[in-house]
Every structure is written in C-alpha cells, then in structure tokens.
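A.B. asks: take a look and give me a structure for this.
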Amino acid sequence: MIGGAAVSGAAGAAAAAAAVANAIRASGAIIKMDPAEFQKIAYRCEKPLVVTARGGWMNRKYRYLTGYKGLIFYTESKTPLQFQTGVEFINAEKIWIPGQ
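C.D. replies: Numbers count the residues shown, from 1 in each chain. I've put the predicted structure just below:
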C-alpha cells in the first residue's frame, strides 16, 4: 500500500497544479509590481478602482489589485499605501493570486 499512497500523493499534486493553471487561464495575466509603480498605474485610470485586503499569516501585508487596459496589476506592502482622492476602494476579505 505504500506505493499506492505515493501514487495518490502524486495524483493530488498534479491535480493541484492543474487547478492553479486553470485559475491563471481564467483570471488572465496578473502583473506583480512594486507599490510605487502600482500607485502610478492606479492614477492613470480615469475612475480608479482598487481592491484591497490584508493577507499573510506571519508577515501580514496589505495587498492591492487594480485593472488597467485589460490587465490586472497587483502589489503588496508592509504598510498601507496612500492614494489621492477619487480612488474607489473595495475591501476584500482575501486576495488570492494563483501560483503564490
């Protein structure tokens, strides 16, 4: 039965990898960038919409998502980012990035 357990573990790992690949295909490209560059992208939008959440277990970070010209941009920071007025925020419980 030890060999069967190893095969089951490998099958589970393959299924998990396939699930991540499918999530990436479904969500499209997610571009990770440093916080200052993220803020520049948000300011380029006519009506910026930023999704934010606190994440992490040991090292809690602030996570941010925004869309621009059909792409999704993501950043995380140890401290909250400051934005100009006019940015609309959606507070999410969690931001999950496939493959991270």
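A.B. asks: adjacent strands (with direction) for the helix or strand containing Glu76?
C.D. replies: Per DSSP states H and E: Glu76 is located in strand 71-77. Strand 71-77 sits in its sheet next to strand 30-32 (parallel), strand 61-68 (antiparallel), going by DSSP bridges.
A.B. asks: hmm, who's touching the first one?
C.D. replies: So that's strand 30-32. By Cβ atoms under 8 Å, 6 or more residues apart in numbering, the residues outside strand 30-32 that reach it are Ile24, Leu65, Leu71, Ile72, Phe73, Tyr74, Thr75, Ile97, Pro98. From N, CA and C alone the C-beta is placed, and that goes for glycine too.
A.B. asks: how far out from the middle of the chain is that strand?
C.D. replies: Centre-to-centre, strand 30-32 and its host chain are 8 Å apart (Cα atoms, centre = their mean, to the nearest Å).
A.B. asks: can you offset everything so residue one is 38?
C.D. replies: With the count now opening at 38, the last piece we talked about shows up as strand 67-69.
A.B. asks: buried stuff in the helix or strand just after that strand?
C.D. replies: Note on strand 67-69: by DSSP H and E, the next helix or strand toward the C-terminus is helix 72-81. Neighbour-count burial for helix 72-81 flags Pro72, Phe75, Gln76, Ile78, Ala79 (criterion: 16 or more other Cβ atoms under 10 Å).
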